[in-house]
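1. The sequence and its predicted three-dimensional model are supplied below.
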Amino acid sequence: MMGSLGKYIVIEGNDGTGKSTQVAKLANYFRERGRTVCVVEEPGSDDPEKSTPIADELRKVIKNGDLARSAAVNVALFSAARRELWREKIQPALERGEIVLSARNYISTLVYQGRGEGYDESEILRLTKLFTDERYLHPDIMIILSLSHDKREERIAMRGELKNPDTFESRGQDFQEKVDDGYLEIAKDYDIPVVLADGNVEEVHDMLIDEIKEDGGIDV
Ligand SMILES: Nc1ncnc2c1ncn2[C@@H]1O[C@H](COP(=O)(O)OP(=O)(O)OP(=O)(O)O)[C@@H](O)[C@H]1O
Ligand SMILES: Cc1cn([C@H]2C[C@H](O)[C@@H](COP(=O)(O)O)O2)c(=O)[nH]c1=O
């Protein structure tokens, strides 16, 4: 199958665990080794290279805290952005044989909307499959970054003011705990390795490379 030519690597984790930082470092790592790399961010990105115009518009709605909405609407919005990214960016890059590095995928929906907002997990999986396909559901490598609540808050604060005070980042302690615990539960349930992200950027990068070498059938 053409879609299996490239390698699809996903870095997951709660807000502020360092996903974007590590995805950027991994992209450099693979490019220095002669690989062509496509970087994406779910549900979209400030950087148009990492997203699509429609995913970006959907992300604006998602991040608009003035628009109160149910978990079901969130799942629909994330699923629509996901289909765009899968069909327009990820799948074509895999068919060209590239390495695709993604900050987040449907694991975020299982955690934030499933564990955090109480939406049914089997429905999320059904919709994800409907909007993407089996290849999307089974990346070559998924790794979850984990960091204590206090360290995440420190890093988010270091990054500056919240871009929007009503994103998931600014929800209360109860929601944050559900998301932190949710990641560890999902890691267990779906057999996804967890990397503790409390070292410096280089240390975390080295741990990710070790995990990728161990895990993924990628020539690194
Ligand atoms: N290992 C690290 N040590 C110290 N600071 C870090 C480390 N990794 C990232 N940071 C800093 O922490 C902040 C959050 O990192 P980053 O944006 O990569 O996280 P993220 O998981 O992508 O966040 P979000 O999901 O909210 O977009 C940034 O200011 C970044 O420079
Ligand atoms: C993919 C996905 C994301 N989320 C949450 C996680 C973040 O808090 C925001 C997205 O903001 P970012 O600046 O683009 O990181 O959305 C979610 O709740 N469900 C998902 O599927």
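-> Arrived safely. Ligands and ions are numbered 1, 2, ... in the order given.

2. mind listing what's buried in the helix or strand of the chain at the bottom of the mean pLDDT ranking?
-> Per-element confidence for the chain was summarised using mean pLDDT, DSSP states H and E. The lowest value among helices and strands belongs to helix 149-158, with a mean of 90. Using 16 or more other Cβ atoms under 10 Å as the test for burial, helix 149-158 gives 152, 155-156. From N, CA and C alone the C-beta is placed, and that goes for glycine too.

3. any low-confidence regions in the chain?
-> Low-confidence regions of the chain, defined here as pLDDT under 70, cover residues 1-4, 161-166, 216.

4. All the helices of it, residue numbers only.
-> Listed in chain order, the helices of the chain (DSSP state H) span residues 19-32, 53-62, 71-85, 91-95, 106-108, 121-131, 134-137, 149-158, 173-189, 201-215.

5. The residue nearest the centre of the chain: what's it in contact with?
-> Here the mean C-alpha position of the chain is nearest to the C-alpha of residue 104 (Cα atoms, centre = their mean), at a distance of 0.5 Å. Contacts of residue 104 were listed using Cβ atoms under 8 Å, 6 or more residues apart in numbering, and they are 10-12, 19, 41-43.

6. for residue 125, same thing?
-> Contacts of residue 125 were listed using Cβ under 8 Å, 6+ apart, and they are 106, 110, 137.

7. Can you tell me how far it is from ligand 1?
-> As judged by Cβ to the nearest ligand atom, to the nearest Å, residue 125 and ligand 1 stand 22 Å apart.
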